[in-house]
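Asks: Dropping the sequence and predicted coords here.
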Amino acid sequence: MNEEMRELERRSRAAFDKSVESQDAATRSRLARARADAFKQLQRRPVAGPALWIPAGAAAAALVATVLWQREEGLPAVAQVETTVGALEDLDLMAAGDDFDLLGEDPGFYAWADEQTSDGVG
Amino acid sequence: MQEEHVNCSATLSATLSLGRCDGLREDTVDRERALDRFLAGIERRAFRIACIALRDRAEAEDTVQDAMISLVRSYGRHPEDQWRPLFYRILRNRITDFQRRRKVRRAVMAWWPGQETDEEAPDPFESAVDPRGRPDEVLEGEELLARIEELLAGMSSRQREAFLLRNFEGLDVAQAALAMGCSEGSVKTHYFRAMQALNGALGEWKK
């Protein structure tokens, strides 16, 4: 990077810093409130109540039906076990109620993980 | 005698476990305080960066709040030196989500008969030519930043991210790579290209 670009780097950073320092009080206050809300949400993390168990129960019933149906189709015993364990892990993830933005977090990782699973079964 | 021994063990065990609980509680409180300090120190810069990336203050506030919640909820137990790149990784993902949603909304609105897409309409104040800005002047402060924001909006998202994280937020190459989810070499390339583009476009203002 040449001297001209370094100078631009320095000037643009100084301009940005100044714009941060000169933020108005209302914005600062809203940001502080947002931070406080983030900690409040941590204190009242949702506990799995009956409402959550109804769809989870329905999903579990559907899962059992699928497994039974697949057994009818004559999958090998090992594949059946792996399918069931994998599906139960998926169900567990969904029932945890955590942030579920999987693709948003790291698409490369999930593509890799999918390949690993496929390799294991096939 | 035997019973006494059992009782003493039980008391000691309870005391120890209570002590452990207190220790854990203290540890949690310390962590929360440290997280609070960290977020307080970063929130204003993060908001400005989100504003530049999204060009919408309300959406920027929402993304920063979402990123705070996500960091506090899911990554608070990570070592403190990882919080900054992790926070910016989350913020980057939220910004991308907002941008995708905005694109879908625009596509739907374009298909909907008789609906105006007011988001597309340029803000007359923003698009007005600033009479103070002339090529023979050295651009500084707000004017320089406004011009850079315009230029960043026209860059690829990777170049924009590299510039915002490296130059404005001051992350080093390794931290920026973690935040952007790419290699360090890729960060260097994107950052250099962004700087080159800015330098080229702003050249006329530096004479």
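Replies: Received, thanks.

Asks: Run a quick neighbour tally on B:Leu151.
Replies: When neighbours are defined as other Cβ atoms under 10 Å in any protein chain shown, B:Leu151 has 17 of them. All C-beta atoms are positioned from the backbone trio N, CA, C, and that covers glycine.

Asks: From A:Arg28, how far off is B:Leu35?
Replies: 19 Å (Cβ to Cβ, to the nearest Å).

Asks: make that B:Leu144, sorry
Replies: Distance from B:Leu144 to A:Arg28, by Cβ to Cβ: 23 Å.

Asks: neighbour-wise, which of these two wins?
Replies: B:Leu144 (20 against 13).

Asks: residues contacting that one?
Replies: By Cβ atoms under 8 Å, 6 or more residues apart in numbering or on different chains, the contact list for B:Leu144 reads A:Arg11, A:Ser12, A:Ala15, B:Leu202, B:Trp205.

Asks: cool, B:Leu39 as well?
Replies: A:Arg35, A:Ala38, B:Met68, B:Leu71, B:Val72, B:Phe87.

Asks: Also B:Gln196?
Replies: A:Met5.

Asks: list the buried ones in whatever helix or strand it lives in?
Replies: Using DSSP states H and E, B:Gln196 maps to helix B:184-202. Residues of helix B:184-202 classed as buried by neighbour count (16 or more other Cβ atoms under 10 Å in any protein chain shown): B:Ser186, B:Val187, B:His190, B:Tyr191, B:Arg193, B:Ala194, B:Met195, B:Ala197, B:Leu198, B:Asn199, B:Leu202.

Asks: ok, and which of these reach chain A?
Replies: With Cβ under 8 Å from any Cβ of the partner chain as the criterion, those include B:Met195, B:Leu198, B:Asn199, B:Leu202 near chain A.

Asks: Using PDB, write out every CA atom in stretch A:19-36.
Replies: Extracted C-alpha coordinates of stretch A:19-36, given in PDB (Å, rounded to 0.1, in the frame of the first residue of the first chain):
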ATOM      1  CA  SER A  19     -18.700  10.600  13.900                       C
ATOM      2  CA  VAL A  20     -18.800   8.000  16.700                       C
ATOM      3  CA  GLU A  21     -17.800  10.600  19.300                       C
ATOM      4  CA  SER A  22     -20.500  13.000  18.100                       C
ATOM      5  CA  GLN A  23     -23.400  10.600  18.300                       C
ATOM      6  CA  ASP A  24     -26.400  12.200  19.800                       C
ATOM      7  CA  ALA A  25     -27.600  11.500  23.400                       C
ATOM      8  CA  ALA A  26     -30.800   9.800  22.200                       C
ATOM      9  CA  THR A  27     -28.900   7.200  20.100                       C
ATOM     10  CA  ARG A  28     -26.500   6.500  23.000                       C
ATOM     11  CA  SER A  29     -29.400   6.100  25.300                       C
ATOM     12  CA  ARG A  30     -31.200   3.600  22.900                       C
ATOM     13  CA  LEU A  31     -28.000   1.600  22.600                       C
ATOM     14  CA  ALA A  32     -27.600   1.400  26.300                       C
ATOM     15  CA  ARG A  33     -31.200   0.300  26.700                       C
ATOM     16  CA  ALA A  34     -30.600  -2.400  24.000                       C
ATOM     17  CA  ARG A  35     -27.700  -3.600  26.000                       C
ATOM     18  CA  ALA A  36     -29.700  -3.800  29.200                       C
END
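
Asks: That one near chain B at all?
Replies: Yes. Against chain B, stretch A:19-36 shows contacts by Cβ under 8 Å from any Cβ at A:Ser19, A:Val20, A:Gln23, A:Thr27, A:Arg28, A:Arg30, A:Leu31, A:Ala32, A:Ala34, A:Arg35.

Asks: Thanks a lot, see you next time.
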